[in-house]
Each structure stands twice: as C-alpha cells, then as structure tokens.
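S.K.: predicted model and sequence follow; I will ask about them next.
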Amino acid sequence: MTTTYSTRVRAPTEHRTRLTTTASASTAAAYEVATLNPPGIPCGRVEADRTVKPEAHQDSLVESPPRFINRGKPFQISTMNTRTLNPISRMHELVHAASLHNNDIICLQEHRQHHQDLLSSQYINKYQLITASAEKNSINASVGGVGFLISPKAQKSLLSVEKVTSRIILLHLNGTPRLTVISVYAPTNCSEDSDKSAFYSSLNRTVSSIPPHNLLAICGDFNAKLGPDVAIHTLHPATNNNGDLLHDFAQQHRLVNCNTRFQKPKQKMWTYEDPKRSKHQIDFVLWRKKWINSVKDCQAFNTMAAVGSDHRIVTCFAQISYRVNKKPASDPLSKVDWKALSRNADLRHEYAVEVSNRYNALLHEDSKEHDYPMLMDAVTTTAVNLLPKKPQRRKNNPYSDPDIKSHREKLQLAALKHRTDPSFETKDSLEAAKKELDAVYTAATKRYVDESTARLDSTHEEYRHSTSWSIIRELSGNTSTPFTKIPGDNSSERLKVWYDHFQSLLGEERPPPDLSSPFFNNRVSEELLVDCAPSPWKSLPASSRPLESLKPRPG
C-alpha cells in the first residue's frame, strides 16, 4: 500500500463556528442582530469578506455564489403561518409540499420551536429550515417564532440570515439584483399599542438599512385587514387598526401589496379561517415598487393542507426580464460513464470498433491536417450514442414510504371533507387522520434509524470507514465541513497572521553558516591535474568522432 503525505497545513483561526452574532453599524444601538452564514461561506459579514480591493493581492479570492435571480428564470416566494412545526410529520409534510410545488423560499410564522441558539438550521430532504427561537409565555409554552424554508436552489445563492427581533428575520440572496426577503409576524389587532409601535419601529429601521437597488420582499402574517379605501381588490369591507399601520408602512417605503394587486375570486383571496368558519385575508406579500413589474401573480393555495394549519400559503410568482444571452453548450462527454468500459469487455471491444469505423469514414487522404478533429468527433459521437450515462446519486429518503403517502392522501381527503361539509364528525376524522400520520412518521423514523445502524455495523466490520462516516453524517444531519475565516480587519493583518503561523510552524530562523570555520576549509585531497580551461567549440566535432565508432551497429 502506498502512503501519501499531504503538504497542506491548517489555516490559523481563532474560532470554527457557523453561527455568529454581529451588529449592523446603522442599527446596533436599536436592536440585536444575529447572523447565520450558509454552507460554503466563511463566518462573519459576508459582504465584507467578498469585497476584493485592487491593492489586496495577498488575499485569497472567494468566488461569488451563483445568482438566484437570473434572466428570464421564474422563482417563487411564499409565506405561511404554520401554527406549529413541533411534530416531525408537520416539518416533513411542509417540505414535501414545497418540493412538489417548487416553492423556493417560504417565510414561516408561529413555528413554536424553542431552542437556546439565536438561530437554528437543520436540513430536511435537501431543504434547509432556518428558525429564530420561539418565546416562552407565562405557562412555559412556546409561542410565536419566525423562520425560512429554503430550497436547494436558493441555498446555493444564500449570503446570510439575520435575526432582528423575535418577530422579524431576514435573509440575503445573491443575484442581479440582490434579493432580500423579510419574514414578519405582527402583533394581533387586539394587542397593546406599545407592542404594535415597537414592531413597526423595528421593521422601519430594518427596511431603511437595505440598499435601495435590492429586490425587497416582506412576507408574513400582519394580522391586518385592508378595505376598499386602501386596496383595489380586497376581501374585507373595512380597514382595521393593523390595516392602517400596514398601509402607512407600505406608503412610507414605496411598497406594493401583491395580494390586492390582482383580481381574484374570493375563494382565492382568504388566507385564514377562524374557529367560527369565517374567512379573513391577513397574510400579505409586500414588494418593492421599483421591481413590481416582475411580479406575475400572487394568490393563496390549499397545497399545505397536510401541515394542519388554519392558514393557507400565499405564493408570489415572479420573473426578472433581461436580454437573454446564449447559453454555452455543455460538454456531452461529462455525462458519459467511462467506468463502464473497464467493467465490460464486450462493450470495450464494440466501442473501439465503432470509433475506428467512424474515424475511417471521416478520414480523407488529402486532409491529413484535420486528423485530430475527426478523431475527436468519432470519439465523442460514439461515446454519446453507445456508452451509458452516469447514474445519478440518490440519498436514502426514509420518509418516501408508501404508508406515509397513503396516510397523507387520507389526511388531505379528510381536510377537503371538513372544508366542504364542516361538522363535529368531519373534524374528529381530520384530527384522527393527523394523529395517524404522526404515528406513521414516528414508525418510519425508527425503522430508518435501525436500518442505518445495521448498515453502520456492517461497514465497520468490513473496514469501510469512508462509508461508515457517511452513514454517521447522514444520521446526525451534519453534512457540511467546518469553515475557516482568518482573523484580521484588512489584508495586512491577515498576512501578518499567516506569517506568524508559518513562523511558529517552521521554528525560529537559523543564522547563516560561518564559511570561515575549519569545517569548510579542511583539505580532503591533493590537487588533481584537471584542465579547467574553457574548451573551444571548434574542437568538439573532432573529439566526438572516436566516440561514434564505438556505437553498436544494427544487425
């Protein structure tokens, strides 16, 4: 076995964490800000780390993440009050519905998950759930809580997530323009005026700190009713107190309410159904007026019925229109499974024969200078037509059980019956269907853990350590590696940290050797009679002729 020794050294760092607490310079005196950096991005303020100054040649360049908003590519931003996400079935049903309907970003309210950290991040079937902790009330019950559910596509463009207050959280995505989404949960209409004033003061400061060119979307449960005096297409005949506050806030920051922008039937406008079966429109999506033409549609849907909330999801469909550039063609050979040639001798022989035949068909005797392009054309065409494609790696999804699917359909059917014909009997059936779905999720989780543990024991006995660690990371949910940020406010300080690090790694600098010591002046032999004069170039051919006669002759 060959052992390879790496020459890489660990970068100097003072901390290794992905969750940090920072304060914005413009709002530090007013409220607390917590920043959560996404996978692949160093800790701290991302914007400062990604700024490349012309004089900072010593800094390592950090590649910018891909753009979430691209030319002509549609995207969706949604909001939903989930009431609670504590049962594991609620989270997985939310993710299942989001993946089924291609929801990119869902702003969540009232998830009721309490944790010690300011921000918590977890992955559920490739979706990332980021939450700010809920609060505890007088009876020690978790109330409120805001967060985001982010699709794999949006995760690649994620720059940072910041907690402003317990009711306000925002995220930044890279794009052209850069996207800022704020998830809010406003106090109810019967709350104290001081609570409402504090909420809108924090929201005003947050919106004022966002650059004016950013595409801004504010989504959430505002607990506000808008009447015909402030909105065109609305569900309510009058505006309540929260509606006046919302309207004043939108006018101050030049925001447009997407819910009331499009004419819809009333069954597509309501977002909340109270216990008395009355329907209300209190969840809204606000859009910066500069980019309002990019909004194509906005309405409420019943797609999240399995989550078990009395709120409906409100989805905003948007698309930024630019002049579309030609997309470069992808390399067709990158999708070919070349390992199939080493596993199948018959396929290898057939491939060699096809390449030879195609090359000979393209070859012309009078065009020898084009032999290489013809050979590459023969190799590429034969590989694409003959060889199999690379198999796509699919992770084991423990919640794709057919039993879960059947109970989900049963819950959706019970929810539909309760909406169309509400009664105590249909309500009891709906609650029973929810409990059955929770029980099936619990059983699926236990079965998945048992199977993964058995696989882990098997791989450990077979000394397949790489596979064992993959199973451990899959079970723990820790799929990312720690990231490093070199401390220092500028390039000179970071370069000094690198210098001190390597100086301590390599040890102190040794003084140069003393050439006057006896060790370097001790004679080891007598002088040799060697002619050191420069050899004339004219005598070189004559001196090489005797050597040519000593060469072996063929035959």
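M.R.: Sure, I can see it. Computed from a prediction, not measured in an experiment: that's the story for all the values here.
S.K.: ok but Cys219 is inside a strand, no?
M.R.: Yes. With DSSP: H, G, I helix; E, B strand; the rest coil as the criterion, Cys219 is part of a strand.
S.K.: now do the contacts for it.
M.R.: Listed by CB atoms under 8 Å, 6 or more residues apart in numbering, the contact partners of Cys219 are 77-79, 107, 181-184, 284-286, 314, 316. C-betas here are computed from N, CA, C, even on glycine.
S.K.: going by distance to Ser142, which of these wins?
M.R.: For Ser142, the nearest member of the contacts of Cys219 is Ser183. The distance, counting by CB to CB, is 17.4 Å.
S.K.: about what we covered before: can you list the contacts of Cys219 in a markdown table and add secondary structure?
M.R.: A markdown table is the format used below for these (three-state DSSP):
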| residue | secondary structure |
| --- | --- |
| Ile77 | strand |
| Ser78 | strand |
| Thr79 | strand |
| Cys107 | strand |
| Val181 | strand |
| Ile182 | strand |
| Ser183 | strand |
| Val184 | strand |
| Phe284 | strand |
| Val285 | strand |
| Leu286 | strand |
| Val314 | strand |
| Cys316 | strand |
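S.K.: PyMOL command for the buried members of those residues?
M.R.: Buried members of those, defined by 16 or more other CB atoms under 10 Å, are picked up in PyMOL with:
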select buried, resi 77+78+79+107+181+182+183+184+284+285+286+314+316
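S.K.: closest one of the contacts of Cys219 to Arg510?
M.R.: Minimum distance to Arg510 across the contacts of Cys219 is 57.4 Å, recorded for Val181 (CB to CB).
S.K.: what pairs with that closest one across the strands?
M.R.: Taking DSSP bridges, one finds Leu171, Ala217 as the beta-bridge partners of Val181.
S.K.: the residue nearest to the spatial centre of the chain and Ser202: what is the separation?
M.R.: Against the mean C-alpha coordinate of the chain, by CA atoms, centre = their mean, the closest residue is Gln155 at 1.7 Å. Using CB to CB, to the nearest Å, Gln155 is found at 27 Å from Ser202.
S.K.: what about Val246, neighbour count?
M.R.: Just to correct that, residue 246 is Leu rather than Val. When neighbours are counted by other CB atoms under 10 Å, Leu246 registers 25.
S.K.: do the one 3 residues further on as well
M.R.: A total of 19 residues lie near Phe249 under the criterion other CB under 10 Å.
S.K.: and Gln116, what's its pLDDT?
M.R.: At Gln116, the pLDDT value in this model is 89.
S.K.: show me what contacts the nearest residue to it once chain neighbours are set aside?
M.R.: Distances taken as CB to CB, 6 or more residues apart in numbering put Ser133 closest to Gln116, at 7.4 Å, once the chain neighbours are dropped. Neighbouring residues of Ser133 by CB under 8 Å, 6+ apart: Gln113, His114, His115, Gln116, Asp117, Leu118, Ser120, Gly145, Ser166.
S.K.: circling back: so the residue nearest to the centre of the chain sits right up against Gln128, yeah?
M.R.: Yes. Taking CB atoms under 8 Å as the contact criterion, Gln155 and Gln128 are neighbours in contact, 5.4 Å apart.
S.K.: now the residue nearest to Gln116. Its backbone dihedrals?
M.R.: Backbone dihedrals for Ser133, given as degrees, to the nearest 10, come out at phi -60, psi 140.
S.K.: what do you get for Leu179?
M.R.: Residue torsions, per degrees, to the nearest 10, at Leu179 are phi -100, psi 130.
S.K.: wait, isn't it in contact with Leu159?
M.R.: No. Applying CB under 8 Å as the test, Leu179 and Leu159 come out as separate, 9.4 Å apart.
S.K.: list residues touching both of those two?
M.R.: His172, Leu173.
S.K.: could you check which of the two is surrounded by more residues?
M.R.: A direct count of neighbours by other CB under 10 Å for Leu179 and Leu159 places Leu179 higher, at 27 against 23.
S.K.: how about the contacts made by that one?
M.R.: Contact partners of Leu179, counting by CB under 8 Å, 6+ apart, are Phe68, Ile69, His172, Leu173, Asn214, Leu215, Ala217.
S.K.: and it, how far from Gln319?
M.R.: Going from Leu179 to Gln319 by CB to CB gives 13 Å.
S.K.: what do the two both touch?
M.R.: Contacts common to Leu179 and Gln319, judged by CB under 8 Å, 6+ apart, are absent.
S.K.: helices of the stretch 1-150 of the chain, start to end?
M.R.: Counting by DSSP state H, counting those that start in this stretch, the stretch 1-150 of the chain forms helices over residues 46-49, 88-100, given from the N-terminal end onward.
S.K.: weakest of these by average pLDDT?
M.R.: Out of those, helix 46-49 stands lowest, with a mean of 35 (criterion: mean pLDDT).
S.K.: so what does the helix or strand containing Lys446 touch, helix or strand wise?
M.R.: Of the helices and strands defined by DSSP states H and E, Lys446 is found in helix 424-461. Applying 3 or more CB pairs under 8 Å, 6 or more residues apart in numbering; DSSP states H and E, we find helix 424-461 packed against helix 88-100, helix 402-420, helix 465-476.
S.K.: got the buried residues for the shortest one?
M.R.: Along helix 465-476, the positions that meet the burial threshold by neighbour count (16+ other CB under 10 Å) are Ser468, Ser470, Ile471, Glu474.
S.K.: of all those residues, which comes closest to Leu85?
M.R.: Taking CB to CB as the measure, Leu85 lies nearest Glu474 of the buried residues of helix 465-476, at 21.8 Å.
S.K.: that closest one against Ser452, yeah?
M.R.: Yes. Proximity of Glu474 to Ser452 meets the contact threshold set by CB under 8 Å, at 7.0 Å.
S.K.: so what's Arg167 closest to, chain neighbours aside?
M.R.: For Arg167, ignoring the flanking residues on the chain, the nearest one in space by CB to CB, 6+ apart is Tyr185 at 4.8 Å.
S.K.: burial count for that neighbour?
M.R.: Neighbour count of Tyr185, defined by other CB under 10 Å: 25.
S.K.: go on, Leu215?
M.R.: Should you count by other CB under 10 Å, Leu215 turns out to have 23 residues around it.
S.K.: give the contact list for it.
M.R.: Ile69, Gly175, Pro177, Arg178, Leu179, Thr180, Arg288, Trp291, Ser294, Ile320.
S.K.: report the buried residues of stretch 169-182.
M.R.: In terms of neighbour count (16+ other CB under 10 Å), stretch 169-182 has its buried residues at 169-175, 177-182.
S.K.: now the end-to-end length of it.
M.R.: Using CA to CA, to the nearest Å, the end-to-end distance of stretch 169-182 comes out at 6 Å.
S.K.: ok, stretch 67-79 next?
M.R.: Looking at stretch 67-79, the gap from its leading to its trailing residue is 22 Å under the measure CA to CA.
S.K.: flag every buried residue along it.
M.R.: By neighbour count, with 16+ other CB under 10 Å as the criterion, the buried positions of stretch 67-79 are Arg67, Phe68, Ile69, Asn70, Phe75, Gln76, Ile77, Ser78, Thr79.
S.K.: for stretch 197-206, same thing?
M.R.: Within stretch 197-206, the residues that count as buried by 16+ other CB under 10 Å are Phe199, Tyr200, Ser202, Leu203, Arg205, Thr206.
S.K.: show me those residues that map onto helices.
M.R.: Residues from the buried residues of stretch 197-206 lying in helices, with DSSP state H as the criterion: Phe199, Tyr200, Ser202, Leu203, Arg205, Thr206.
S.K.: can you list these in CSV and add pLDDT?
M.R.: Formatted as CSV, the entries for those read as follows, by pLDDT from 0 to 100:
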residue, pLDDT
Phe199, 95
Tyr200, 95
Ser202, 95
Leu203, 96
Arg205, 94
Thr206, 95
